[in-house]
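Novice: Curious how this folds, go ahead:
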Amino acid sequence: MRVLVGPNAMGLERVIDELRPLYPDVEFSHCAAREGLHEALAEADVFLGWVSREDYLAAGRLRWIQSPSSGVDRFLAIPELQQGDTLLTSARGTHGACLAEHAMGMILAFSRGIREFVGQQAQHHWSNREFRASMRELTGSTMGIIGLGTVGRAVARRACAFDMRVIAVDMLPAEAPEGVERLDGLDGLPRLLGESDYVVVTVPYTERTAGMLGAAEIACLKPTSMLVGISRGGVIDEDALAAALREGRLGAAALDVVSVEPLPADSPLWDAPNLLITPHVAGGTQFECDHILDIFKENLARFTRGELPLRNQVDKARGF
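Specialist: Next comes the predicted model:
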């Protein structure tokens, strides 16, 4: 069996030296550049990395792909992979803390005036009187979370630490965890939007969630509310979001993910008022590589023993 680690910026290939003594009958290799990925994939049975459709079609014997990312929509956009027998596992559960911290940081950038003060500092201006009256505590405000998986629950715990009221909706609602006042199915989305002061979107991108926050849903939000998207682009209708911000029908928004990445230079999002954009970096953490490799090592042990399902094995029909 041949295991290939693909090009990456996290140092995932360091796992090879650890695994070789444990699996003497397995051939491990690392392809550091995308230019050589086609040839390397042609001989691989297991792959840790990201693939394009062209890459996948070159992999004639591939039996399992471990995605280094939590979201797998780009993998499932490859028809042959989505419909085929190759197993796909995700890094779901590894980015809960960092995404939740990023979401809270985006909220605090607005509620505590941080965005404005960065600009004032650059101008050497002591802006005490201009902004103090507009600053807000999170205490007693309502946090609405769309998608209460690992990331959503991490957001909920941090919101509770700020003494916020927390409500949520999820595609697979169960009993609400501690600190979450109400957990509904997706049919409860309009109610959540109408009650929330801050809404954080953490659902994966699937056929069911594509465009789920369109113009009608954004219209349900209070004009003072803030919308935060940190899971995948395409869940929030970006044109509707930009229009709501320009027309003053939404207080603020923050996005770490967008439909087309990098964000095109002519996108109306760049100049939308009260919008903070970060370039799909919320998953960054000093622990990212360790978390991903923990999943891969556990799954490799299961795979070699023929134990299925693997950890985080993707239901291709469901989309996650």
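
Novice: make it CA atoms for all contacts and neighbour counts henceforth
Specialist: Fine.

Novice: how about stretch 88-98 as PDB, C-alpha atoms only?
Specialist: Extracted as PDB, the C-alpha positions of stretch 88-98 are listed here (Å, rounded to 0.1, in the frame of the first residue of the first chain):
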ATOM      1  CA  LEU A  88     -13.500  10.600   2.000                       C
ATOM      2  CA  THR A  89     -12.800  11.800   5.600                       C
ATOM      3  CA  SER A  90     -12.700  15.300   6.900                       C
ATOM      4  CA  ALA A  91     -10.900  17.200   9.600                       C
ATOM      5  CA  ARG A  92     -14.200  18.000  11.200                       C
ATOM      6  CA  GLY A  93     -13.900  18.900  14.900                       C
ATOM      7  CA  THR A  94     -10.300  20.300  14.600                       C
ATOM      8  CA  HIS A  95     -11.200  23.900  14.100                       C
ATOM      9  CA  GLY A  96     -13.800  24.600  16.700                       C
ATOM     10  CA  ALA A  97     -11.800  26.700  19.100                       C
ATOM     11  CA  CYS A  98     -10.000  28.900  16.500                       C
END
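
Novice: What's the mean pLDDT across it?
Specialist: In this model, stretch 88-98 has a mean pLDDT of 95.

Novice: Residues in contact with that stretch: which ones?
Specialist: 64-72, 150-155, 282-285, 288, 291-292, 295, 310-314 (Cα atoms under 8 Å, 6 or more residues apart in numbering).

Novice: Now with 6 Å, please.
Specialist: The contact list for stretch 88-98, computed with Cα atoms under 6 Å, 6 or more residues apart in numbering, reads 64-70, 150-151, 154, 283, 291-292, 312-314.

Novice: Quick check: of those, which lies closest to residue 104?
Specialist: Closest approach to residue 104 among the contacts of stretch 88-98 (Cα to Cα): residue 154, at 10.5 Å.

Novice: does that closest one count as helix, strand or coil?
Specialist: Look at residue 154: counting by DSSP: H, G, I helix; E, B strand; the rest coil, its state is helix.

Novice: how close does it sit to residue 198?
Specialist: For residue 154, the distance to residue 198 (Cα to Cα, to the nearest Å) stands at 15 Å.

Novice: quick one, which of the two is more surrounded?
Specialist: residue 198 (25 against 18; other Cα atoms under 10 Å).

Novice: these two touch, right, the more buried one and residue 143?
Specialist: Yes. In this structure, residue 198 is within contact of residue 143 by Cα atoms under 6 Å, at 4.9 Å.

Novice: if I look at those two, which residues touch both of them?
Specialist: Counting by Cα under 6 Å, 6+ apart, nothing touches both residue 198 and residue 143.

Novice: ok so, going back, what subset of the contacts of stretch 88-98 is buried?
Specialist: Among the contacts of stretch 88-98, those scoring as buried are 64-70, 150-151, 154, 283, 291-292, 312-314 (criterion: 16 or more other Cα atoms under 10 Å).

Novice: Could you find the closest non-adjacent residue to residue 86?
Specialist: In space, residue 86 comes closest to residue 63 once its chain neighbours are excluded; the distance is 4.7 Å by Cα to Cα, 6 or more residues apart in numbering.

Novice: ok, that neighbour touching residue 84?
Specialist: No. The pair residue 63 / residue 84 is not scored as a contact, 9.9 Å apart, by Cα under 6 Å.

Novice: Those two: who's more crowded?
Specialist: Between residue 63 and residue 84, counting by other Cα under 10 Å, residue 63 is the more crowded of the two (16 against 11).

Novice: gap between that one and residue 71?
Specialist: 20 Å.

Novice: again with residue 19
Specialist: On the measure of Cα to Cα, residue 19 and residue 71 end up 26 Å apart.

Novice: Likewise for residue 14?
Specialist: 23 Å.

Novice: What's opposite residue 183 in the beta bridge?
Specialist: Beta-bridge partners recorded for residue 183 (DSSP bridges): residue 168.

Novice: all strands for the stretch 201-320 of the chain, in order.
Specialist: For the stretch 201-320 of the chain, the strands defined by DSSP state E, counting those that start in this stretch occupy 226-229, 252-255, 275-277.
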